[in-house]
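[1] Kindly generate the corresponding structure for this input.
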Amino acid sequence: MLHEEFDPPEELREAIKCFWHNRWDFGEQPASFEVLPDGYAEIIFSFGSVIRDGVALPSPFMMGLLNQPVLFAAAGRLDIIGIRCYPWTVFDLLGLPSGKHGVQTFEHPIAQLQPLMARHVQAGDIGAALDELQRHFRPQLALDSTLFKAGEAMRGAGGAMPVSEVAAAAHATVRTLERKFKQSSGHTVKDVSGLMRFEQVRNRLWHTPQVNLAALAQELGYTDQSHLSREFKRYSGATPAAFARKAKVQAASKEIVAFVQAPAGD
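    Numbering: from 1, shown residues only. Purely as a prediction, here's the structure:
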């Protein structure tokens, strides 16, 4: 698998974490793969077929915040160009109403870029395809400063900051912050914080499966190891120990574990 990440232009960095490109060759027979939750929303352009529940998804589609892993399938060569967005910016970026959606199809003028981008991808010019996307999003609308400050605080704390402290960092009341967060992302501050913190645990277990869970729980602000384990199973469907065993096997075999999310080291 090829994975590349690209920083967005300066004027888009408050809304977009990065652009990225993945390429696989799954072979002739469809292969399934799992996407785990994390703290980002993704706008996905696919060049090749991405199948969910036996149906090929249109391109582009959106991967919103997930509460559980999602299973996809693909065959042959598959290129993905993704736009990794903050959950409180993705709907404003597209001019769409917010909502609690996991995998979401949508109608939008950005879909008109698909044929042009496909020609660039087929020619192996990913940079040109990314240029088309970046041009579409310029100029970027000004983002709500409360949401920006809140997001920065949450990201800096890895999701471990209480809502009251997030509101203080954003110079807002809890009520105002929660209202703005729900309007912009469809989720509460607690929803997003929980996914951010899960992502920290997931990444640590992927890199160091032997990590001490009690110490990790303390480091990341969980009440105790049991709290960490409950939250991890809630989002992943597996215990931390089971996930760590799977990580060891997949790391040894170079097996793909996910494709629409931040890499395990991010």
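[2] Helix, strand or coil: sort out the residue nearest to Gly48 when sequence neighbours are not counted for me.
    Counting by C-beta to C-beta, 6 or more residues apart in numbering, Leu78 is the residue found nearest to Gly48 once chain neighbours are left out, at 3.6 Å. The way it works is simple: take the backbone N, C-alpha and C, and place the C-beta from them, glycine included. The three-state label for Leu78, taken from DSSP: H, G, I helix; E, B strand; the rest coil, comes out as strand.
[3] helices or strands up against the longest helix seen in the chain?
    Secondary structure of the chain per DSSP state H: the longest helix is helix 189-207. On a contact count with 3 or more C-beta pairs under 8 Å, 6 or more residues apart in numbering; DSSP states H and E, helix 189-207 meets helix 145-156, helix 163-169, helix 174-185, helix 225-236, helix 240-253.
[4] Out of these, flag the one nearest Glu199.
    The closest of the helices and strands packed on helix 189-207 to Glu199 is helix 225-236. By C-beta to C-beta, the value is 8.9 Å.
[5] on that earlier part again, between the longest helix of the chain and helix 240-253, how big is the angle?
    Relative orientation of helix 189-207 versus helix 240-253 (axes from the mean of the first three to the mean of the last three C-alpha atoms, to 10 degrees): 50 degrees.
[6] Let me have the helices and strands packed on helix 189-207 in a markdown table, extended by mean neighbour count, mean pLDDT and distance to His21.
    Output for those, formatted as a markdown table (neighbours: other C-beta atoms under 10 Å; pLDDT from 0 to 100; distance: least, C-beta to C-beta, whole Å):
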| stretch | mean neighbour count | mean pLDDT | distance to His21 |
| --- | --- | --- | --- |
| helix 145-156 | 19 | 95 | 23 |
| helix 163-169 | 18 | 97 | 33 |
| helix 174-185 | 18 | 95 | 25 |
| helix 225-236 | 17 | 96 | 26 |
| helix 240-253 | 15 | 79 | 22 |
